[in-house]
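Asks: take this sequence and fold it.
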Amino acid sequence: MENIKQYIEAHRARFLDELFELLRIPSISSLTEHKGDILNTAEKIKEMLLKAGADKAEVLSTEGNPVIYAEKYIKPSAPTVLVYGHYDVMPVDPLENWQTPPFEPSIKDGKIFARGADDDKGQLFMHIKAMEIMVSTSTLPCNLKFIIEGEEEVGSASITAFCKQNKDLLKADIILVSDTSMLGKNTPSITTGLRGLSYFQIELTGPDRDLHSGIFGGAVANPINILCRLIASLTDSNNSITIPGFYQDVIELGKEERDELNKAPFSENDYKQSVGVDELYGEKGYSSLERTGIRPTLDVCGIWGGYTGEGAKTIIPSKAYAKISMRLVPNQDYHKITQIAEDYLKSIAPAYVKVKVIPLHGGQCYVSPTTLPAYQAASKAYEKTFGKKPIPVRRGGSIPIIATFEEILGIKTILMGFGLESDAIHSPNENYPLENLFIGIETICYFYKYYSEI
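Replies: Have a look, this model is predicted:
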């Protein structure tokens, strides 16, 4: 195991070249014009897994984007770790805000800048290299399986059916994922909870065509005006969500649990500076750590309608649209929440518009106990590489497939992420510190060692 750092240093330049090859492919799952890039990325990862020492790796078809499956067997008596990751990435808009081209990776100030540098190509790459190191040095103590999908950024629609059809293929003792972040560069943490997600689109229709705003203005309702009022009514002055029944299944944490959560290092001033705001915002009665970890939320992710081109076009638009994201907490079912949100919007919409709600994707909340032997192995691995124990935290993001894994495969997941809040995932100028990339590879190697010794 002492040779891990030496191997990383000796192959550092090659590792970066290989990662950059992966980052150059624009595998944007939400845009159909990138279907070819999705397929090319899957083949590239298959090739990487085989070169890293996998016994076999294959690109398997699903109803949507393909899944890459790979395995490396050591011996039947060894534990089996199933590594999950995703190779699809978010769109790059607005392109003009990127300081460097999003699919031409570059290094600046010790960071890799590119779409997917952190989420999730960079973090997935760490697992491929960890296997390579341990296979090459004959130190891999456990069996490895990989399942890598291409639809995580659009809701993981196809992988659920894949898991149901391939339960035997995916049998394992624990699932390992790196698609989350740490509390800080020098503050390692292990994510023990993820919020669920309900994501849908609202379409409001008023007149059957765009109308002249001078001739018809004042007599015909403007769908954009009405949509803004509807959205504004979804939260109150305390920033609580007003949808009837929304909080019905929420389990309120007691004072002791909330106090423990708030022990995590957190600087409000640093947080504000990191996102460029003067004041923080959220549900009354809760801290920022609680608002982003254990409380549900409702946010407008996009809103549009009418004329938005250069110059003027005086119309009352026929339609208005918005995309809504609701992050959910334990005991909230995303199917139920989506339905009550749709029912409520239709009930409060005035008669002069028609409302259509289109569910886009969602997922259940996930909680991983710190009492799991795999958690203890992960904690020990971080302590070995960072020199301090990681802090267990609940994060505000969602990885829809994680809860599905437990439901279908009956396997718990350990979330060993190495990203940072400053990595700008889903935003222009996404980046990933080189230091985190390499220490992440090392930490994963130690996880395999300690987990196999349990």
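
Asks: can you list the domain ranges for this protein.
Replies: If you go by automatic domain parsing, the domain ranges for the chain are 4-194+365-452, 196-250+296-363.

Asks: quick one: low-confidence residue ranges for the stretch 101-250 of the chain.
Replies: Counting by pLDDT under 70, the stretch 101-250 of the chain contains no low-confidence residues.

Asks: one step back: can you say which of the domains of the chain is packed in most?
Replies: Greatest average neighbour count among these goes to domain 4-194+365-452 (a mean of 20), per mean count of other C-beta atoms under 10 Å. C-beta coordinates here come from the backbone N, C-alpha and C atoms, glycine included.

Asks: end-to-end on that domain?
Replies: Distance between the two ends of domain 4-194+365-452: 17 Å, counting by C-alpha to C-alpha, to the nearest Å.

Asks: how about stretch 261-273?
Replies: One end of stretch 261-273 sits 22 Å from the other (C-alpha to C-alpha).

Asks: and for stretch 345-361?
Replies: End-to-end for stretch 345-361, by C-alpha to C-alpha: 18 Å.

Asks: now swap in stretch 349-359 and tell me
Replies: 18 Å.

Asks: same deal with stretch 88-95?
Replies: In stretch 88-95, first residue to last residue: 18 Å (C-alpha to C-alpha).

Asks: could you do stretch 186-202 as well?
Replies: 42 Å.

Asks: roughly how far apart are the closest residue to residue 155 other than its chain neighbours and residue 454?
Replies: Nearest-residue entry for residue 155: residue 361, 2.3 Å, with adjacent residues in sequence omitted and distances by C-beta to C-beta, 6 or more residues apart in numbering. The gap separating residue 361 from residue 454 is 36 Å, by C-beta to C-beta, to the nearest Å.

Asks: does the residue nearest to residue 155 have beta-bridge partners, and which?
Replies: Residue 361 forms beta bridges with residue 199, as assigned by DSSP bridges.

Asks: and it, what is it in contact with?
Replies: Residues counted as contacts of residue 361 (C-beta atoms under 8 Å, 6 or more residues apart in numbering) are 154, 155, 156, 157, 197, 199, 400.

Asks: just these now: which is nearest residue 163?
Replies: Of all the contacts of residue 361, residue 163 sits closest to residue 156, with 9.8 Å by C-beta to C-beta.

Asks: mind listing what that closest one touches?
Replies: Contacts of residue 156 (C-beta under 8 Å, 6+ apart): 149, 361, 363, 400, 401, 404.

Asks: repeat that for 6 Å
Replies: Residue 156 makes contact with 400, 401, according to C-beta atoms under 6 Å, 6 or more residues apart in numbering.

Asks: also the one 4 residues further on?
Replies: Applying C-beta under 6 Å, 6+ apart, we find residue 160 in contact with residue 404.

Asks: so how far is residue 432 from residue 105?
Replies: Residue 105 sits 10 Å away from residue 432, going by C-beta to C-beta.

Asks: do residue 116 as well
Replies: 9 Å.

Asks: centre of the chain versus stretch 213-224, how much separation?
Replies: 41 Å (C-alpha atoms, centre = their mean, to the nearest Å).

Asks: same check on stretch 432-452?
Replies: Between the mean C-alpha location of stretch 432-452 and the chain-wide mean there is a distance of 20 Å, by C-alpha atoms, centre = their mean.

Asks: for it, what is the average pLDDT?
Replies: Mean pLDDT, computed over stretch 432-452, is 98.

Asks: let me know the pLDDT of residue 394.
Replies: 89.

Asks: give me every residue that touches it.
Replies: Here residue 394 is in contact with 193, 293, 294 (C-beta under 6 Å, 6+ apart).

Asks: ranges for the strands of the stretch 51-200 of the chain?
Replies: With strands called from DSSP state E, counting those that start in this stretch, the stretch 51-200 of the chain shows them at 56-60, 67-72, 80-86, 106-108, 111-113, 143-149, 174-177, 189-194, 196-205.

Asks: and those strands as JSON lines, adding distance to residue 316?
Replies: Output for the strands of the stretch 51-200 of the chain, formatted as JSON lines (distance: least, C-beta to C-beta, whole Å):
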{"stretch": "strand 56-60", "distance to residue 316": "50"}
{"stretch": "strand 67-72", "distance to residue 316": "47"}
{"stretch": "strand 80-86", "distance to residue 316": "42"}
{"stretch": "strand 106-108", "distance to residue 316": "46"}
{"stretch": "strand 111-113", "distance to residue 316": "43"}
{"stretch": "strand 143-149", "distance to residue 316": "43"}
{"stretch": "strand 174-177", "distance to residue 316": "48"}
{"stretch": "strand 189-194", "distance to residue 316": "42"}
{"stretch": "strand 196-205", "distance to residue 316": "12"}
